[in-house]
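> Need a 3D model of the sequence below.
(one chain, ligands or ions: 1)
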Amino acid sequence: MDPPHAPGAPPCPSCAHPSCRRGRAARLSLFGGHRAEFAREHLRAASLQARNPHLLIWFGESTLSYWIAGPTGLAEASGPDSLTRILEHVPASL
Ligand SMILES: [Zn+2]
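The predicted model follows:
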């Protein structure tokens, strides 16, 4: 866990602070609608999407959270753990 980030300070070169990640991402170009800062999250979403073709799963760069759209509606997951929990409760297929 990174120590707290000083308010107003420039983004750290590498850390998990949401504000720093947003700051670093803002300096990057969009590639395929994604920014490299969030490559790990997009990869996780794509991997889960491949295993759950009946759902739509993506990582939202604005919210820094995962989103799952399925037959029961839209769900937001704050991180990988809650994403896994949500997917465990979605029917395996339609
Ligand atoms: Zn930071």
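> rest of the way, CA atoms for contacts and neighbours
Will do.
> Double-check that residue 87 belongs to a helix.
Yes. Assessed with DSSP: H, G, I helix; E, B strand; the rest coil, residue 87 lies in a helix.
> how many neighbours does it have?
The number of residues packed around residue 87, counting by other Cα atoms under 10 Å, is 17.
> where do the helices sit along the protein?
Remark: helices of the chain, listed N- to C-terminal, are 18-26, 39-51, 80-88; assignment by DSSP state H.
> Does anything pack onto the last one? Which helices or strands?
It refers to helix 80-88. Counting contacts by 3 or more Cα pairs under 8 Å, 6 or more residues apart in numbering; DSSP states H and E, helix 80-88 is packed against strand 73-77.
> how far is stretch 49-67 from where the chain is centred?
Centre-to-centre, stretch 49-67 and its host chain are 7 Å apart (Cα atoms, centre = their mean, to the nearest Å).
> Going by neighbour count, list what's buried in it.
Neighbour-count burial for stretch 49-67, counted by 16 or more other Cα atoms under 10 Å, picks out 49, 52, 55-61, 64-67.
> I'd like those laid out as a markdown table, including distance to residue 10.
Rendered in a markdown table, the data for those read as follows (distance: Cα to Cα, whole Å):
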| residue | distance to residue 10 |
| --- | --- |
| 49 | 34 |
| 52 | 39 |
| 55 | 38 |
| 56 | 35 |
| 57 | 32 |
| 58 | 28 |
| 59 | 24 |
| 60 | 23 |
| 61 | 19 |
| 64 | 19 |
| 65 | 23 |
| 66 | 26 |
| 67 | 29 |
